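Chemist: Structure for the following, please:
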Amino acid sequence: MVCDTMIRKYLPAMRAEMVYRLVQRDGMSQSDAAKRLGVTRAAISQYINKKRGDSGIEISKELNNLIDRWAIAVRDENSSITICDICRCALKKN
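Modeler: Take a look at the predicted model:
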(Lines give C-alpha, C1' and ligand atoms only; values in the text may rest on other atoms or scores of the structure.)
Protein backbone atom coordinates (compact mmCIF):
# COMPACT_ATOMS: atom_id res chain seq x y z
CA MET A 1 0.00 0.00 0.00
CA VAL A 2 2.88 2.42 0.68
CA CYS A 3 4.12 2.28 -2.91
CA ASP A 4 0.57 2.67 -4.23
CA THR A 5 0.05 5.81 -2.10
CA MET A 6 3.39 7.19 -3.22
CA ILE A 7 2.66 6.63 -6.90
CA ARG A 8 -0.82 8.13 -6.75
CA LYS A 9 -0.35 11.01 -4.31
CA TYR A 10 3.25 12.18 -4.24
CA LEU A 11 4.98 11.20 -7.46
CA PRO A 12 2.78 13.20 -9.89
CA ALA A 13 3.19 16.42 -7.91
CA MET A 14 6.91 15.85 -7.51
CA ARG A 15 7.33 15.10 -11.21
CA ALA A 16 5.40 18.25 -12.09
CA GLU A 17 7.68 20.31 -9.85
CA MET A 18 10.79 18.65 -11.27
CA VAL A 19 9.63 19.29 -14.87
CA TYR A 20 8.87 22.90 -14.00
CA ARG A 21 12.39 23.33 -12.63
CA LEU A 22 14.01 21.71 -15.65
CA VAL A 23 12.14 23.81 -18.18
CA GLN A 24 11.52 27.13 -16.41
CA ARG A 25 14.51 27.44 -14.11
CA ASP A 26 17.19 25.50 -16.01
CA GLY A 27 16.10 26.38 -19.56
CA MET A 28 15.73 22.83 -20.89
CA SER A 29 13.41 22.64 -23.89
CA GLN A 30 10.09 20.87 -23.45
CA SER A 31 11.05 18.47 -26.24
CA ASP A 32 14.34 17.57 -24.58
CA ALA A 33 12.65 17.12 -21.19
CA ALA A 34 10.06 14.85 -22.81
CA LYS A 35 12.76 12.69 -24.42
CA ARG A 36 14.76 12.37 -21.22
CA LEU A 37 11.69 11.45 -19.16
CA GLY A 38 10.12 9.17 -21.76
CA VAL A 39 6.87 11.13 -22.00
CA THR A 40 5.27 13.23 -24.70
CA ARG A 41 5.91 16.94 -25.14
CA ALA A 42 2.19 17.42 -24.49
CA ALA A 43 2.63 15.80 -21.06
CA ILE A 44 5.48 18.21 -20.30
CA SER A 45 3.27 21.12 -21.33
CA GLN A 46 0.53 19.88 -19.01
CA TYR A 47 2.98 19.65 -16.10
CA ILE A 48 4.20 23.20 -16.80
CA ASN A 49 0.65 24.56 -16.98
CA LYS A 50 -0.42 22.70 -13.80
CA LYS A 51 -2.99 20.61 -15.68
CA ARG A 52 -1.21 17.43 -14.61
CA GLY A 53 0.40 16.46 -11.34
CA ASP A 54 -1.09 19.03 -9.00
CA SER A 55 -2.21 17.10 -5.91
CA GLY A 56 -1.73 19.94 -3.47
CA ILE A 57 0.97 18.22 -1.42
CA GLU A 58 3.27 20.34 0.70
CA ILE A 59 6.91 20.05 -0.33
CA SER A 60 9.24 19.96 2.66
CA LYS A 61 12.77 21.36 2.55
CA GLU A 62 14.18 17.83 2.33
CA LEU A 63 11.76 16.89 -0.45
CA ASN A 64 12.64 20.13 -2.23
CA ASN A 65 16.33 19.16 -2.17
CA LEU A 66 15.48 15.69 -3.45
CA ILE A 67 13.51 17.15 -6.37
CA ASP A 68 16.59 19.22 -7.23
CA ARG A 69 18.71 16.03 -7.15
CA TRP A 70 16.13 14.35 -9.41
CA ALA A 71 16.33 17.24 -11.90
CA ILE A 72 20.12 16.96 -11.90
CA ALA A 73 19.84 13.22 -12.55
CA VAL A 74 17.61 13.90 -15.56
CA ARG A 75 20.11 16.42 -16.96
CA ASP A 76 23.26 14.45 -16.15
CA GLU A 77 23.52 10.79 -17.11
CA ASN A 78 26.25 10.21 -14.48
CA SER A 79 23.91 11.14 -11.62
CA SER A 80 21.16 8.86 -10.38
CA ILE A 81 18.21 8.76 -8.04
CA THR A 82 15.64 6.03 -7.53
CA ILE A 83 11.93 6.09 -6.90
CA CYS A 84 12.71 4.41 -3.56
CA ASP A 85 14.92 7.40 -2.61
CA ILE A 86 12.05 9.73 -3.40
CA CYS A 87 9.52 7.57 -1.56
CA ARG A 88 11.63 7.35 1.60
CA CYS A 89 11.98 11.11 1.68
CA ALA A 90 8.30 11.81 1.00
CA LEU A 91 7.13 9.37 3.64
CA LYS A 92 9.42 10.76 6.37
CA LYS A 93 7.07 13.68 6.72
CA ASN A 94 4.11 11.41 7.43
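Chemist: Leaving out sequence neighbours, find the closest residue to Glu62.
Modeler: Cys89 (5.7 Å; CB to CB, 6 or more residues apart in numbering). All C-beta atoms are positioned from the backbone trio N, CA, C, and that covers glycine.
Chemist: OK, contacts around Asp54?
Modeler: 12-13, 16 (CB atoms under 8 Å, 6 or more residues apart in numbering).
Chemist: I'd like the distance between it and Lys9.
Modeler: 12 Å (CB to CB, to the nearest Å).
Chemist: Which strand or helix spans Lys50?
Modeler: Taking DSSP states H and E as the definition, one finds Lys50 inside no helix or strand.
Chemist: which residue is nearest the middle of this structure?
Modeler: Nearest to the geometric centre of the chain sits Arg15, at 2.2 Å (CA atoms, centre = their mean).
Chemist: In this structure it contacts Ile48, no?
Modeler: No - applying CB atoms under 8 Å as the test, Arg15 and Ile48 come out as separate, 11.6 Å apart.
Chemist: give me phi/psi at Ile83?
Modeler: With angles defined as degrees, to the nearest 10, Ile83 sits at phi -60, psi -40.
Chemist: isn't it right up against Leu11?
Modeler: Yes - the criterion here is CB under 8 Å, and Ile83 meets it with Leu11 at 7.4 Å.
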